[in-house]
Every structure is written in C-alpha cells, then in structure tokens.
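Student: Provide a 3D model corresponding to the input given below.
(one chain, ligands or ions: 2)
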Amino acid sequence: MKIFSADQIRAWDAYTISHEPISSLDLMERAATALTDWLLRTGLARRDGHILCGMGNNGGDGLVVARLLHQAGYPCHVWIVRHAEKASADFEANLARYRHLAGVTWVEEAMEIPSDTLVIDALLGSGLNRCAAGPLAEVIRAVNASGSTVVSIDIASGLFADRPNQPDDAIIEPAYTVGFQVPKPAFLQPGNARFVGRWQVLDIGLDRRYEKQTPASRYFTDSQSLPSLRNRAVFANKGNFGHALLIAGSYGKVGAAVLASRACLRSGVGLLTVHVPECGYSVLQTAVPEAMCLADEHPKMITGVPDLSSYTAIGVGPGLGKAQETVRMLDELLLKLGGKPAVFDADALNILADNPEWLTRLPKNSILTPHPKEFTRLLGRTWADDYEKLDLLRAFCKRYSVVTVLKGQHTIVATPEGELHFNSTGNPGMATGGTGDVLTGILTALLAQGPPPADAAILGVYRHGEAGDRAAARKGEPALIAGDLPEFLHW
Ligand SMILES: NC(=O)C1=CN([C@@H]2O[C@H](COP(=O)(O)OP(=O)(O)OC[C@H]3O[C@@H](n4cnc5c(N)ncnc54)[C@H](O)[C@@H]3O)[C@@H](O)[C@H]2O)[C@H](O)CC1
Ligand SMILES: [K+]
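Tutor: Ligands and ions are numbered 1, 2, ... in the order given. Model (predicted):
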C-alpha cells in the first residue's frame, strides 16, 4: 500500500471528486458514514458523548458523525471551536443539516469535559498548516487532561501528517485514530505513539486510478502487498533452494547461532551450514541436527572464513563479539564475498561502525539489519526527529547501495533506490533477546533462494513479525521468547 503526503491525499480527494464523479459533500458523507459504522461496530459509540469540531472539513466530518450517531440513537454534545473567520462550505452545509436535529455550542475557550465519556476529535485534520494555538490549543489540552476516551477523526488534531511537530505543540492524545484510505506518515513514527494511539484506516472508496498512477517512495507492507517466494515445484530437490552459510556465535553466545539456524531452516532454504567457534560445535549439532556445522579452529570465537564457493547467501553477525581476531575475520570475509548476497547483523554491524571505510566494500544490495542504536553507530551521528532519521536512512542506502532493515515498532526496509517500506506486523513482546538473530536467519534463507534482496527483506520482516504475533496470541506478549518465533513461522 502506498503512503501519501497530506498534499497527495488532498489531490486524491480532488481526483475522486472529479473522476468518479462525486460531490465533495457526498464524499464527506461517505467518509463519515464509514467512521460512524466503525464507532457502532466497535461499541465505542455512546449517548452523551462529546464531538469537538473545528471549522474546516475535519469539523465537517464531525458534524456528519454527530447527525448519523443521533439518528442511530446516540445523541452527543456538539462543540464548535471558533478558530477562523470563515468555515469551509461542506462544514456549513453539514452544520445546517445537523441543526434540524439538535443544537450546537460555539466556544472560544476550553469547556468542561467529563472523564468518563467518549470524545470525538474533529478539530483539525490533514489541513493543519501551523501548530494549534489559542482556543484550539486550550481545548486540546483540556481534552488530554480529562482522561476521557478519545477517537480522532483522520488524525489527532494538532499533529502534522507528514512533518515533525515541536515538543511543546498542543496535540490530542487519542486512544484511537481512525484515518481514511491510507495511513499517514505521522502514524508510523515512533515519536508519535502518544498522538496516534491504536490506529486504523477505513476504505472510503477514493479512486484507485490515482493510487496506481501516483508515484510514492513510502509503502506500508500489509498482507495484500507482499512479495512472494517462488512456488516449490513438485519435483524440486534441496539443491533448488540454495545453500546458506551463517557465521555466528562466540563463547557465551552460541545460542544466537542456534536461533538464527532454526529460523533459517524454517524459511525454506535447501541446505544450511553454520560456522561457529569450536565451543559451539556440539551445541549446534545437537540443537539443530538439520544443519551442517563447521568449527572454527579457535575455541571461543570465529577467526577465519571458510571457502565460500558453494554458498548462495551468507549471514554474519549474531553473537560474534568484537574480538580482534573476529574483526580480522570480517575484513577477510569482505575480501572474499565478491558479489554474493549477504546479511550483516549485530556485531558485524558494530565492527563496520568501528571501521566505516569498510562500508564501501559491502557487496551491492547487501542487507544490513541495525536497530536504531546500531544505526546511529553506523552513521556516526544521531537525528533530531523521526523524519530526519528517514532522510538519513535513505541517503545511507543510496550511498552504499545497500538494503537497510531498521528495526523497531514499524520496522523499515529501505532500498538503495530510495523506497521506504514500513512493516505492519509484530508486537512489543518481540522486544526480547534473540529476535534479531531469528530475523537474520530468515533473511539469509530467503536471500539464498535468489529473490531480489529488497523483496527478501520486505517479506522476511513481515513473516518475522507475523510469527511474533502468532506466538503472542498463543502465549501472551510477556511470555514470548525468540525461540518461539521459528516455530510460528508460516510460509
Ligand atoms: N482527503 C480525504 O480523504 C477526505 C478528507 N476529508 C476530511 O477533510 C479533512 C481536511 O480538511 P481541510 O478543510 O483541508 O482541513 P482541516 O479541517 O484539517 O483544517 C481546517 C482549516 O483550519 C485552518 N487551520 C489549519 N491549521 C490551523 C491552526 N493551527 N489553527 C487554526 N486554524 C488552522 C486551515 O485554514 C484549514 O483550512 C481531512 O482531515 C478529513 O477529515 C473529507 O471529509 C473526506 C475525504
Ligand atoms: K482530528
């Protein structure tokens, strides 16, 4: 699914109005009807709720919702904040329609909001062009202080859809955001979690042709937009699905190699060889009998690189440590890799961060899987806000021609061509040791089977999160451990 900017969404709205064709008033009715149905379906609708409207089309949506809820037996109090000289035409038309049913209260300062009520936030939507101030800011702060259950229409009032806010901006803190058609960039930024709550988008029938023909650089990966693995031919043999090599583990961290190996084997690879320090040999052979094992000559760490000619992809990093001998091993690996597809994770990334001049030696389209801390180390700097982080991520992938998987709540797969793919699966239960090792195993297995590396990364990240969601559904988030994930993978 493409992610559009606020300007593009406005243009999509206009395109639909002229091409469907549909009047803008009817489109507003359609959007607000979808939202009212959602409120009724979820059981959040209630009598005596409070609907807070601004004077633009977001406020217009609020007035339609007020009318439809009233007709459904849920009359609410409607407050309109007077923040402009003139209201939008569709707002005026819907105010007139609502007034046939009930009255509204115009306010110029914060009103009393009970704590045990439903508040529908229709003050400001994607038309926000400056931070909320004056009576709007007062009302926003009163709503946040009330402790009521807030549902924001389209986006939390005061939150910019596609650029950063300042730390002390007045922004609604909703329990739910219900957007229209596609997620807004703001929904996916970790720093906005408080201003988004649980979010979802409702299909309001915007014209699909606009989506097809409008280029985007940001995507939301859901089950509808996944790259697929090759079908397995009936007469296939293990030689058809690649031979992966994992270089992982050190004394005390052999478990990382076990986790990555199990995940690799559960992700369709034909053959797997794991290179571990000598101390990991019997552990690996016992814990993962399906894998072949190469023992390094060093008892506690990996110091050398085996002959790479028979492998179709290499994954390096889980549990490696950063001993001098291992640093030399990575240097040798970069020398020997040629153009082979490879995944770099964990300590392999930390070694790269200590030797940034090596970044130019990475094979084109290598996959790097940093979490934000590791990414700041690779960059040698940090960022002012989530949007700057995305700019830096794009520039990094372009400069080194690599695919970067930036791990987090919505893990981002960034390509050398400048695309950003935000993942939709996963849960906080996965914030536990070893889940990254599992991801490395999955990605190495996929790469070994030959798809374009960016596709492997998008698909692998999605399935990894999905396995986490299944594991959490079965066991509960706190009980989830990395070792569960390979067992819950499903392709
Ligand atoms: N695109 C769609 O899919 C649909 C969107 N709908 C809804 O329309 C709003 C966007 O409406 P718009 O009138 O453009 O903007 P707002 O209501 O967000 O803002 C109103 C108005 O307020 C002014 N303004 C902006 N910032 C401030 C501020 N900080 N203080 C005071 N005033 C401000 C500005 O001039 C705006 O024009 C969208 O979110 C949806 O809810 C349609 O209903 C259906 C289709
Ligand atoms: K809103």
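Student: CA only for contacts and neighbour counts going forward, please
Tutor: OK.
Student: Residue 53 is in contact with residue 64, isn't it?
Tutor: No: contact criterion Cα atoms under 8 Å: residue 53 and residue 64 do not qualify, at 10.6 Å.
Student: Do stretch 126-134 and ligand 2 come into contact?
Tutor: No: using Cα under 5 Å from the ion, stretch 126-134 stays clear of ligand 2, coming no nearer than 7.9 Å.
Student: what separates that stretch from the chain centre, distance-wise?
Tutor: 26 Å (Cα atoms, centre = their mean, to the nearest Å).
Student: Go through it and flag the buried ones.
Tutor: Neighbour counts using 16 or more other Cα atoms under 10 Å place 126, 127, 128, 131, 132 of stretch 126-134 among the buried residues.
Student: Likewise for stretch 392-408?
Tutor: 392-398, 400-408.
Student: which one in these is the model shakiest on?
Tutor: Among the buried residues of stretch 392-408, residue 408 carries the weakest pLDDT, at 93.
Student: Quick one: low-confidence residue ranges for the stretch 151-300 of the chain.
Tutor: Across the stretch 151-300 of the chain, the ranges flagged by pLDDT under 70 are 230-235.
Student: ok, which stretches of it are helices?
Tutor: 193-196, 208-213, 254-265, 281-287 (DSSP state H, counting those that start in this stretch).
Student: Report the distance from the last one to the chain centre.
Tutor: Going by Cα atoms, centre = their mean, the spacing between the C-alpha centre of helix 281-287 and its chain's C-alpha centre is 35 Å.
Student: For that helix, which helices and strands make contact with it?
Tutor: Taking 3 or more Cα pairs under 8 Å, 6 or more residues apart in numbering; DSSP states H and E as the contact definition, the neighbouring helices and strands of helix 281-287 are helix 254-265, strand 292-295.
Student: Which strands border the shortest one, and is each parallel or antiparallel?
Tutor: In its sheet, strand 292-295 lies beside strand 271-276 (parallel), with partners assigned from DSSP bridges.
Student: could you check the angle helix 254-265 makes with the partner strand?
Tutor: Following axes from the mean of the first three to the mean of the last three Cα atoms, to 10 degrees, one obtains 170 degrees for the angle between strand 271-276 and helix 254-265.
Student: Give me the contacts around strand 271-276.
Tutor: Taking contacts as Cα atoms under 8 Å, 6 or more residues apart in numbering, the residues outside strand 271-276 that touch it are 238-239, 241-250, 254, 257, 261, 264-265, 290-296, 301-302.
Student: Buried among the residues you listed? Make that a ChimeraX selection.
Tutor: Those of the contacts of strand 271-276 that count as buried under 16+ other Cα under 10 Å are selected in ChimeraX with:
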select :241,242,243,244,245,246,247,248,249,250,254,257,261,264,265,291,293,294,295,296,301,302
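Student: Keep the buried residues of stretch 126-134, but drop any that are not near ligand 1.
Tutor: Counting by Cα under 6 Å from any ligand atom, the subset of the buried residues of stretch 126-134 that neighbours ligand 1 consists of 126, 127, 128, 131, 132.
Student: which among those gets closest to residue 286?
Tutor: The shortest gap between residue 286 and any of those belongs to residue 126, at 56.8 Å (Cα to Cα).
Student: Got the confidence number for the closest one?
Tutor: At residue 126 the predicted local confidence, pLDDT, stands at 96.
Student: Then the one 10 residues further on?
Tutor: With respect to pLDDT, residue 136 scores 98.
Student: mind listing what it touches?
Tutor: With contacts taken as Cα under 8 Å, 6+ apart, residue 136 has the following neighbours: 81, 83, 109, 123.
Student: Show me which of the residues you listed are buried.
Tutor: For the contacts of residue 136, a burial check counting by 16+ other Cα under 10 Å picks out 81, 83, 123.
Student: Count the neighbours of residue 38 for me.
Tutor: Burial of residue 38, expressed as a neighbour count using other Cα atoms under 10 Å, amounts to 15.
Student: Oops, could you answer that again for residue 170 instead?
Tutor: Going by other Cα under 10 Å, the residues that sit close to residue 170 add up to 22.
Student: Equivalent analysis for the one 4 residues further on, please.
Tutor: Neighbouring residues of residue 174 were enumerated by other Cα under 10 Å; the total is 28.
Student: One more: residue 168?
Tutor: When neighbours are counted by other Cα under 10 Å, residue 168 registers 7.
Student: Over to residue 318?
Tutor: Other residues within reach of residue 318 by the criterion other Cα under 10 Å amount to 31.
Student: The residue nearest to it when sequence neighbours are not counted and residue 263: what is the separation?
Tutor: In space, not counting the residues next to it along the chain, residue 318 is nearest to residue 248; the distance is 5.0 Å by Cα to Cα, 6 or more residues apart in numbering. According to Cα to Cα, to the nearest Å, residue 248 stands 13 Å off from residue 263.
Student: hmm, back to that, now cross-check the contacts of residue 136 against ligand 1 and list the overlap.
Tutor: Taking Cα under 6 Å from any ligand atom as the test, ligand 1 is in contact with residue 83 out of the contacts of residue 136.
Student: what two of the contacts of residue 136 have the greatest distance between them?
Tutor: The largest distance within the contacts of residue 136, taken as Cα to Cα, falls between 109 and 123 and amounts to 13.3 Å.
Student: what is in contact with these two at once?
Tutor: Counting by Cα under 8 Å, 6+ apart, the residues touching both residue 109 and residue 123 are 81, 136.
Student: Which positions in the stretch 101-250 of the chain make contact with ligand 1?
Tutor: Checking the stretch 101-250 of the chain against ligand 1 by Cα under 6 Å from any ligand atom, the hits are 124, 125, 126, 127, 128, 129, 130, 131, 132, 154, 180.
Student: mind checking the SS state of the fifth one?
Tutor: So that's residue 128. In three-state terms, and counting by DSSP: H, G, I helix; E, B strand; the rest coil, residue 128 is coil.
Student: contacting residues for it?
Tutor: Under the criterion of Cα under 8 Å, 6+ apart, the neighbours of residue 128 are 157, 158, 159, 160.
Student: can you rerun that using 7 Å?
Tutor: If a contact means Cα atoms under 7 Å, 6 or more residues apart in numbering, then residue 128 has 158, 160 as its contacts.
Student: Which parts of the stretch 1-150 of the chain are strands?
Tutor: Here the stretch 1-150 of the chain has its strands, by DSSP state E, counting those that start in this stretch, at 2-3, 50-53, 77-81, 105-107, 118-122, 149-153.
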